[in-house]
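# quick one, what's the 3D model for this:
(chains A and B)
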2 protein chains.
Amino acid sequence: MTSSEFELIQHYFTGLGEGAAVRLGVGDDAAVLQVPEGHVLQISTDTALEGAHFLANLPAADIAYRSVMAAASDLAAMGAVPMASLLSLTLPKADSAWLRDFSTGLGAVCTETGLPLVGGDTTRGPLAITVTVMGSTPTDQFMTRSGAESGDRLCVSGTPGDAAAGLEILKGDLSVADASISAVLAARFTRPVARLILGQTLRDIASACIDISDGLLADAGHLATCSGVAIEVDSNLLPLSDALCSVVDMQQAKDWALAGGDDYELLFTLPCDTPLPVGCTQIGRVVSGSGISCDRVPERAGYDHFTH
Amino acid sequence: MTSSEFELIQHYFTGLGEGAAVRLGVGDDAAVLQVPEGHVLQISTDTALEGAHFLANLPAADIAYRSVMAAASDLAAMGAVPMASLLSLTLPKADSAWLRDFSTGLGAVCTETGLPLVGGDTTRGPLAITVTVMGSTPTDQFMTRSGAESGDRLCVSGTPGDAAAGLEILKGDLSVADASISAVLAARFTRPVARLILGQTLRDIASACIDISDGLLADAGHLATCSGVAIEVDSNLLPLSDALCSVVDMQQAKDWALAGGDDYELLFTLPCDTPLPVGCTQIGRVVSGSGISCDRVPERAGYDHFTH
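Residues are numbered from 1 along each chain as shown, chains lettered A, B, ... in the order given. Model (predicted):
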């Protein structure tokens, strides 16, 4: 009693499911995972829809890659070590070429993140990808959004704003003469890198952490709300990449860094006497009060699925 | 920096997230769960789409209820004790009345199953509900589909076929004069009950287990394939409910029991000398070989999203 649904899943999505934590992978009613002794489990889920979260013409391998990385970035923000992932895939049709390309990106991202694919579901409908990821930390050592205190430094990893530029390039709204710079920025959107190792390092030193998926200011706002503090951001301190600064003026670069979203960098707070980790930049500070303030108000202030 | 997306989620889906295993619920980058010492984690995900998995006019409370129960049934089939759930909800619009009704059903099912809602995602698009559930068992005591052996008894819980009759009633394709019988059968589709306690009991005695979501024969086929055995089903032994038998003839009742799907009963195998649990019925046996055989071949042989 085989059926094409089960064959599809088996053909393309098995062989990605091996890992130290995996007791039972794809193919039973549930997957079985072993959480290390003395550890707690972190779990998060993200849905990506064609049109809303990625362009209709994005290659299937990139869709798979960035869907899993976006979910993995939530584990990074908690300081978790990746354990396993689940994929719920809704497809308009069972297209072998698309599935083959998708599974190539999926295989790459599962290997790079250490998130073996242990289960999921396949249904027919408008293209949608829901990725659930699991990780673990020692029992009392996960980060949250709620520990920032007045006097802390506000810091960010990497060079935010690149992904927004990449998206504009992919949409055809930004033309870049230098092909290699164009490719670098586009890849920052299609192939983001979750800061998993940095997250595990920050676990011991950061007072609060969040990943930048909605946009730096929007996510700083979430962090401020959860921590019951105010946050001041200085746009002159933003670590803008050379690539970004070479393709747009400084004001546009700052706006994308502040509000572009999709960067999957970590935004975190450090006690004032704690040294910055390599590759990170102080961009503001935590003060008493509520809300965020910034010397610039960018046009697009964070992604919201129900207001635009 | 509040936004309507975050407000929606907070307003309707918080307050459902408390449970013994929950260290951190909705509102951070990931939820944090404590798996009991000496236990492993079971995890499963199910997507339900309007049209494919439920009727467009099904009340939102029922959509929520059966989506979570369908996922919980996978935990039952593993013998797992429920821990927590995640919900990814894709909605065409942010309709407060619909969300209120949905959250009523969600609250009921989370409480009844012991699956507090600890996280999720909300996006805008065609209605889709992806539920991820987590549970735990002692490390080496979970059930799988793969332990059935020649000589075992094939058994089923409850009265399969009722949900298929209920769906026909809801679609208007089956007219039932007696309102109470009609309501009972319809509720078997809209308000299924995952056999969680039975599953935990079976952990000590069953050689293999699966839940009936695709249809009894289809799921028996999965069990046979995973176990490397053949399974014989005797349709004369099917435990058909009085309600079902009062609304259709015996042949139709048998066909729905064999192939209707959506029952969320447990289908399991027991060594021949093991007594049957209360509420369960032997309907066949395990023999050497492969595939399934049955004295009846129903018209609809298991749900497949890509072949109909």
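# where do the helices sit along chain A?
Using DSSP state H, the helices of chain A run over residues A:4-13, A:60-78, A:96-113, A:162-171, A:179-190, A:196-202, A:216-227, A:242-247, A:250-259.
# averaged pLDDT, the fourth one. What do you get?
Right, the one you point to is helix A:162-171. The average of the pLDDT scores along helix A:162-171 is 95.
# quick check: which of the helices of chain A is buried the most?
Highest mean neighbour count among those (mean count of other Cβ atoms under 10 Å in any protein chain shown): helix A:60-78, with a mean of 27. Quick note: C-beta positions are derived from backbone N, CA and C, even for glycine.
# can you state the direction angle for that one and helix A:179-190?
Interaxial angle of helix A:60-78 relative to helix A:179-190 (axes from the mean of the first three to the mean of the last three Cα atoms, to 10 degrees): 60 degrees.
# which helices and strands does helix A:60-78 pack with?
In terms of contacts (3 or more Cβ pairs under 8 Å, 6 or more residues apart in numbering or on different chains; DSSP states H and E), helix A:60-78 is packed against strand A:39-49, strand A:81-91, helix A:96-113, strand A:128-138, helix A:179-190, helix A:196-202, strand A:208-211.
# what about the closest residue to A:Ala230 other than its chain neighbours, neighbour count?
Distances taken as Cβ to Cβ, 6 or more residues apart in numbering or on different chains place A:Gly289 nearest to A:Ala230, at 3.5 Å, with adjacent residues excluded. Neighbourhood size, A:Gly289 [other Cβ atoms under 10 Å in any protein chain shown]: 13.
# report how many residues lie close to the residue lying closest to A:Ala31 once chain neighbours are set aside.
Nearest non-adjacent residue to A:Ala31, counting by Cβ to Cβ, 6+ apart: A:Val118, 3.7 Å away. Taking other Cβ under 10 Å as the criterion, the count of residues near A:Val118 is 31.
# list the contacts of A:Val118.
In this structure, A:Val118 makes contact with A:Gly17, A:Gly19, A:Val22, A:Leu24, A:Gly25, A:Val26, A:Ala31, A:Leu33, A:Ala84, A:Ser85, A:Leu86, B:Ile43, judged by Cβ atoms under 8 Å, 6 or more residues apart in numbering or on different chains.
# ok, A:Ile231 to A:Leu202 distance?
Here the distance between A:Ile231 and A:Leu202 works out to 17 Å (Cβ to Cβ, to the nearest Å).
# typo on my end, it should be A:Thr104
According to Cβ to Cβ, A:Thr104 and A:Leu202 sit 32 Å apart.
# read off the pLDDT value for the closest residue to chain B within the stretch 201-308 of chain A.
Proximity of the stretch 201-308 of chain A to chain B (Cβ to the nearest Cβ) peaks at A:Gly221, 3.0 Å away. pLDDT, A:Gly221: 96.
# now A:Ala70
A:Ala70 is given a pLDDT of 96.
# now the closest residue to it other than its chain neighbours: how far from A:His11?
Leaving aside its chain neighbours, A:Ala70 sits nearest to A:Asp46 (5.2 Å; criterion: Cβ to Cβ, 6+ apart). According to Cβ to Cβ, A:Asp46 stands 25 Å off from A:His11.
# tell me which helix or strand of chain A sits lowest on mean pLDDT?
helix A:4-13 (a mean of 67; mean pLDDT, DSSP states H and E).
# which residues does the closest residue to A:Tyr65 other than its chain neighbours contact?
Leaving aside its sequence neighbours, A:Tyr65 sits nearest to A:Gly105 (Cβ to Cβ, 6+ apart; 4.1 Å). Taking Cβ under 8 Å, 6+ apart, we find A:Gly105 in contact with A:Pro59, A:Ala60, A:Ala61, A:Asp62, A:Ile63, A:Ala64, A:Tyr65.
# check A:Ala31 too.
Taking Cβ under 8 Å, 6+ apart, we find A:Ala31 in contact with A:Gly17, A:Val22, A:Leu24, A:Gly25, A:Ala84, A:Leu86, A:Val118, A:Gly119, B:Gln42, B:Ile43, B:Ser44.
# so the second one makes contact with A:Leu117?
No. The pair A:Val22 and A:Leu117 fails to qualify as a contact (Cβ atoms under 8 Å) at a distance of 9.7 Å.
# name the residue in the two with the higher neighbour count.
Higher neighbour count among A:Val22 and A:Leu117: A:Leu117, with 27 against 18, using other Cβ under 10 Å.
# the residue nearest to A:Tyr65 and chain B, how far apart?
Distance, A:Gly105 to chain B, using Cβ to the nearest Cβ, to the nearest Å: 20 Å.
# determine which two of the contacts of A:Val118 are furthest apart.
A:Leu24 and A:Ser85 (14.7 Å; Cβ to Cβ).
# the two: which has the busier surroundings?
Set side by side, A:Leu24 and A:Ser85 show more neighbours around A:Ser85, with 30 against 20, by other Cβ under 10 Å.
# ok, the residue sitting nearest the centre point of chain A to B:Leu58 distance?
Centroid-nearest residue in chain A, with Cα atoms, centre = their mean: A:Ala70, separated by 3.0 Å. Note on A:Ala70: its distance to B:Leu58, by Cβ to Cβ, is 31 Å.
# quick one on the thing from earlier: give me the common contacts of A:Val22 and A:Leu117.
A:Ala84.
# now do the spatially closest residue to A:Glu299 that is not a sequence neighbour, the pLDDT please.
Spatially, and ignoring its direct neighbours in sequence, A:Glu299 is nearest to A:Asp255 (6.3 Å; Cβ to Cβ, 6+ apart). pLDDT, A:Asp255: 96.
# same question for A:His305.
With respect to pLDDT, A:His305 scores 46.
# quick check: mean pLDDT of stretch A:20-37?
Averaged across stretch A:20-37, the pLDDT comes to 91.
# show the end-to-end separation of it, please.
Start to finish, the residues bounding stretch A:20-37 are 13 Å apart (Cα to Cα, to the nearest Å).
# give the buried residues for that stretch.
A:21-22, A:24-35 (16 or more other Cβ atoms under 10 Å in any protein chain shown).
# now for these, which pair is the farthest apart?
Greatest spatial distance among the buried residues of stretch A:20-37 (Cβ to Cβ): A:Gly27 and A:Val35, at 21.1 Å.
# could you work out the end-to-end span of stretch A:137-145 for me?
16 Å.
# buried ones in it, by neighbour count?
The neighbour-count check on stretch A:137-145 (16+ other Cβ under 10 Å) flags A:Thr137, A:Phe142, A:Met143, A:Thr144, A:Arg145 as buried.
# greatest separation within the residues you listed: which pair is it?
A:Thr137 and A:Arg145 (15.2 Å).
# may I have the beta-bridge partners of the spatially closest residue to A:Val287 that is not a sequence neighbour?
Spatial nearest neighbour of A:Val287, excluding adjacent residues (Cβ to Cβ, 6+ apart): A:Ala230 at 4.9 Å. Note on A:Ala230: beta-bridge partners by DSSP bridges are A:Val287, A:Gly291.
# what number of residues lie near A:Ala230?
A:Ala230 has 17 neighbouring residues, counting by other Cβ under 10 Å.
# shaky segments in the stretch 1-150 of chain A?
Regions of the stretch 1-150 of chain A meeting the criterion pLDDT under 70 cover residues A:1-6, A:8-10.
# which stretches of the stretch 151-300 of chain A have low pLDDT?
Ranges of the stretch 151-300 of chain A meeting pLDDT under 70: A:300.
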